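**Student:** Give me the fold of what follows.
(4 chains)
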Protein chains: 2
Amino acid sequence: MRARRVTLRQVADELGVSAKTVSNAFNRPDQLSAALRDRVLATAHRLGYSGPDPLAAGLRRGRVGAIGVAYANGLSYAFDDPVAVALLAGVTSVAEAAGAGLLLVPGSADPRRSAAAVTGAVVDGLLVASLADDDPLLAAAIARRVPLAVVDQPGPDRLAELGAPGAPWVGIDDRAAMAAVTAHVLALGHRRLGVVAFGLTRDPVRGLVDGAAQAAATYAVSRDRLAGSRDAAAAAGVDWDGVPVSAGTDSTPGEGEAGAAAVLATTPRPTALLCLSDRLAEGALRAAARLGLRVPADLSVTGFDDAATAAGLGLTTVRQPTRRKGELAARALLAPAAGPAAPQLLPTELVPRATTGPPPALPG
Amino acid sequence: MRARRVTLRQVADELGVSAKTVSNAFNRPDQLSAALRDRVLATAHRLGYSGPDPLAAGLRRGRVGAIGVAYANGLSYAFDDPVAVALLAGVTSVAEAAGAGLLLVPGSADPRRSAAAVTGAVVDGLLVASLADDDPLLAAAIARRVPLAVVDQPGPDRLAELGAPGAPWVGIDDRAAMAAVTAHVLALGHRRLGVVAFGLTRDPVRGLVDGAAQAAATYAVSRDRLAGSRDAAAAAGVDWDGVPVSAGTDSTPGEGEAGAAAVLATTPRPTALLCLSDRLAEGALRAAARLGLRVPADLSVTGFDDAATAAGLGLTTVRQPTRRKGELAARALLAPAAGPAAPQLLPTELVPRATTGPPPALPG
DNA sequence: GCGGTGTTCTTCATCGTTGAAGAGGCAGGA
DNA sequence: TCCTGCCTCTTCAACGATGAAGAACACCGC
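**Tutor:** All right, here's what the predicted structure looks like:
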């Protein structure tokens, strides 16, 4: 008993007009007389026809009025991360203003399925964010040959290598930003640092990682931020090889707590913990509390992002314009984009708060 | 110089096979020999063909692998509201597990544009949430004749009126839940209540509203929650007509602050403020602070939702399974859904915290 | 040697719509 | 009167793909 779909043609036949006229009644009211248009709409309504099938219209027109967003981590994860949500909010506000929808492309633990989802997404353009240099999802997005915009990673140079030179890219100078917050901690007098990182490569490696592994990270953001810390350490005469760096997978408080615990278990114990995100830092604060360490008296902790939660925690961090990234990337996708686009590097700002202070006096 | 799109047919011709074979190489690997499949894929790659056009395939197949979500308020707003985000997270997790994408349908201040966006959304099903009884967007969604699921409002009875009886509906018993939190406050001894509400109708009415306006609300959730409060008041012998009720528009702290200020300006001043959402309550707490009122010593405040922020504020509230709503609605959309679906009423729970207490002793 | 069963690939029609181009009629100007 | 231009509406041919059905061939068992 399933009612068969009503088509444009049926409405046209019912009324004895051409299909194109019915089409025009819906899409180009100026192309037919008001009287006929009213009759067409009335007939359509009577037959239960609610307008041209978007799919068929999209095929014919070559546009569907939606852009896709693909994320390395699953979408479900994205909604739990305030930073990811802020990015989406930025994308959405621009897309919505332009009347475009936003298709969240489903992710999967299986990279092949993720890539297939990108290949099969019904969109006019794709926005990808936070992908590893070698993510198949990215290759799939490039192969689609629809307009592409990239946020954060991979960087412009890697995009060029992959055959997408000049694709709009929006991000920050992760290396400099991380160097700044590291320098801030060093300036307070700390000499024993520890770093809590999220993923370095698509295949998650947990635990402490050496300099070679750090430099080999395929997540550009991780690689650059670690390099930034090393820059600052070197400038202050701190031996980087002695700095424990813990790698994790996602940017979650749970990962942060575990990573911080691992770093704090090294001897001599670091007096400052540099976390690659505010959410990791949130976990690091929990780890510190669990160990009975006072922040910042016994231990300084820094984050990255200046997410909404950071102020409440009094977290020293680096502010980056996450929402704006989304806006700019969306704008780049929706605009006609004639030639190759120049990479857009947005400003960051060190935000010192209450979780950093001078290191404790020499331990007894 | 824009490269023309590569088609299935071109790959087929290049290789001297039928178009269908190329199609099968991508979609039904078991339908052709591995050797030929490899040759097809290689040729496709060489020509820069990344797979069948999702739009055309969707038209032919009659499915596109995405469900749409339409919201009364703009999407940009949705990302700012933790409750809306939780709902989306629920929807997404189920959709993603099923390999389906999520199309966020753009909203607009102009209801006609919003409705048009729904009509033109390229989706296999639609999920709508928090719509007024008379929202054109809802009418458009029903007219689409694709599977439809509704969260919260309008209620099942209204859906039946609109010609969509048996459409999957997920929500809570707003009336009973609000009665419960009101009864909690009354049990503490309060007799002078005030209510801070969000929108009652699509055309926003700001300020204090009388009983007639309350009952005429076209947002079922607002209507039912107010009715619930009135039920509890009546049961406790409190005259509802003497209870100031402020209506607003969105569920934001700003609206909450303004609404609370209006309610607290009435004489005699209420000793308890019932807010229809946690975000409104957040604003109410600000208003109280601004007036120098201690919570709960001078003023009790309640929320609704038990959003992530509620615990931190120590807010007495009603917990509702927002994320689960999204999951169930998505499941209903993605499952074949043979006959009419029974409305799914999820449980709620009163969560007493620190913002409610006995009323102050009689004022001097 | 023959019908039956699979595998592999092809043919054909069609999904529902809209751009491009065209045809008919009517008004206004030369 | 005739031409021009405008307003309406129509015709035609795609847009790019896939389901259903079928053809060609190989292999099997008896």
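**Student:** Walk me through the domains of chain A.
**Tutor:** If the domains of chain A are taken from automatic domain parsing, they occupy A:1-47, A:66-171+A:323-345, A:174-321, with pieces of a single domain joined by a plus sign.
**Student:** Ok, which of these comes nearest DNA strand D?
**Tutor:** Distances from DNA strand D to each of these were compared by Cβ to the nearest atom of the strand, and the smallest falls on domain A:1-47, at 3.1 Å. The C-beta positions use only the backbone N, C-alpha and C, and glycine is treated the same way.
**Student:** now that closest one: mean pLDDT?
**Tutor:** Over the span of domain A:1-47, the pLDDT mean works out to 90.
**Student:** quick one: A:Arg39 from B:Gly357, how far?
**Tutor:** Using Cβ to Cβ, to the nearest Å, one obtains 66 Å as the distance from A:Arg39 to B:Gly357.
**Student:** the more surrounded of the two?
**Tutor:** Taking A:Arg39 and B:Gly357 together and counting by other Cβ atoms under 10 Å in any protein chain shown, B:Gly357 has the greater number of neighbours (21 against 15).
**Student:** contacting residues for the more buried one?
**Tutor:** Contacts here follow Cβ atoms under 8 Å, 6 or more residues apart in numbering or on different chains; on that basis B:Gly357 touches B:188, B:296-297, B:300.
**Student:** for those residues, which one is nearest DNA strand C?
**Tutor:** Nearest to DNA strand C among the contacts of B:Gly357, counting by Cβ to the nearest atom of the strand, is B:Ser300 at 56.1 Å.
**Student:** Ramachandran coordinates for the closest one?
**Tutor:** According to degrees, to the nearest 10, the main-chain angles of B:Ser300 amount to phi -90, psi 150.
**Student:** Wait, it touches B:Leu188, no?
**Tutor:** Yes. Counting by Cβ atoms under 8 Å, B:Ser300 does reach B:Leu188; the two are 6.8 Å apart.
**Student:** list residues touching both of those two?
**Tutor:** Here B:Ser300 and B:Leu188 have B:272, B:356-357, B:359 as joint contacts, going by Cβ under 8 Å, 6+ apart.
**Student:** Please enumerate the helices of the stretch 251-364 of chain A.
**Tutor:** Assigned helices in the stretch 251-364 of chain A, in chain order: A:253-264, A:278-290, A:308-313, A:322-334 (criterion: DSSP state H, counting those that start in this stretch).
**Student:** Which of the ones you listed has the lowest mean pLDDT?
**Tutor:** Among the helices of the stretch 251-364 of chain A, helix A:308-313 carries the lowest mean pLDDT, a mean of 92.
**Student:** got the contact list for that one?
**Tutor:** Helix A:308-313 is contacted by residues A:82, A:86, A:278-279, A:281-282, A:285, A:303, A:315, A:317, A:351, A:353, A:355, B:312 when judged by Cβ under 8 Å, 6+ apart.
**Student:** Show me just the buried residues among the residues you listed.
**Tutor:** Neighbour-count burial within those applies to A:82, A:86, A:278-279, A:281-282, A:285, A:303, A:315, A:317, A:351, A:353, A:355; the criterion is 16 or more other Cβ atoms under 10 Å in any protein chain shown.
**Student:** mind checking which of the helices of the stretch 251-364 of chain A is nearest A:Ala132?
**Tutor:** Checking the helices of the stretch 251-364 of chain A against A:Ala132 by Cβ to Cβ gives helix A:253-264 as the closest, at 16.7 Å.
**Student:** could you pull out the helices for the stretch 51-200 of chain A?
**Tutor:** Ranges of helices in the stretch 51-200 of chain A, per DSSP H, counting those that start in this stretch, are A:54-61, A:75-80, A:82-97, A:111-119, A:136-143, A:156-161, A:174-187.
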